[in-house]
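Chemist: here is the input, now give the coordinates:
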Amino acid sequence: MTVQLHLLRHGETEQGGGLRGSLDDALTAVGWAQLRAAVGEHERWDRLVSSPLQRCARFAEEVAGQRRLPLRYEADLQELHFGAWEGRSAAQLMATDAEALGRFWADPYAFTPPDGEPLAAFEARVLGALQRLQAAHAGERLLLITHGGVMRLLLARARGLPRQDLLQVSVGYAESFRLRLGADGSLLELP
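Modeler: Numbers count the residues shown, from 1 in each chain. This next block holds a predicted model:
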């Protein structure tokens, strides 16, 4: 059986843009408003699954409470860990480490930020989480509240993009997408 995945990226955070990765930033008032506007009252899910980082988890708790839905935290749906680049913006990195940043943007699978998580390991943990969700919730509709990197990875796979094009996938704050997760692990983007 398939699982319907409604992916939702967290909203704006207190520390703003840049490579937030494992940093546990809170949402701003704007971020809360973005998420509330993104989730329509007509939306129906069987359960919520969230990254445990507060920029995702606090909103997931609000929705789960309002709609009386079960909520599961999934640590493997956390953002890529950017190592020494955590908390830094692309502009800052261009000033101090432009060559490395360029290599990362050109092919994130071939270049890992210093002390960061290799993209192949990130991919394995995210896809492992999807396998567990498929096994536990076949036939259900899930709202996944997660991060831009997780969503880029899943959308790139659903769209059949080459691995090096992963970072070309755009995912804004509180943006959502729908996917069908097949019993075989395949992903299909839905309208």
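Chemist: now Phe177: which helix or strand?
Modeler: Assigned by DSSP states H and E, Phe177 belongs to strand 176-181.
Chemist: if we go by neighbour counts, what in that strand is buried?
Modeler: Neighbour-count burial for strand 176-181 flags Ser176, Phe177, Leu179, Leu181 (criterion: 16 or more other Cβ atoms under 10 Å). Placement of C-beta: from N, CA and C, glycine included.
Chemist: same check, this time on stretch 154-163
Modeler: Of the residues in stretch 154-163, Leu154, Leu155, Ala156, Arg157, Ala158 count as buried by neighbour count, 16+ other Cβ under 10 Å.
Chemist: endpoints of that stretch, how far apart?
Modeler: 11 Å (Cα to Cα, to the nearest Å).
Chemist: does anything pack onto the helix ranked longest in the chain? Which helices or strands?
Modeler: If you go by DSSP state H, the chain has its longest helix at helix 119-137. Applying 3 or more Cβ pairs under 8 Å, 6 or more residues apart in numbering; DSSP states H and E, one finds that helix 119-137 contacts strand 3-9, helix 148-158, strand 176-181.
Chemist: redo that, cut-off 7 Å
Modeler: Counting by 3 or more Cβ pairs under 7 Å, 6 or more residues apart in numbering; DSSP states H and E, the packing neighbours recorded for helix 119-137 are strand 3-9, helix 148-158.
Chemist: okay, those in TSV with distance to Ala95 and mean pLDDT next?
Modeler: Output for the helices and strands packed on helix 119-137, formatted as TSV (distance: least, Cβ to Cβ, whole Å; pLDDT from 0 to 100):
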stretch	distance to Ala95	mean pLDDT
strand 3-9	27	98
helix 148-158	23	98
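Chemist: take those and lay them out in JSON lines including distance to Trp32.
Modeler: Shown next, in JSON lines, are the helices and strands packed on helix 119-137 (distance: least, Cβ to Cβ, whole Å):
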{"stretch": "strand 3-9", "distance to Trp32": "13"}
{"stretch": "helix 148-158", "distance to Trp32": "18"}
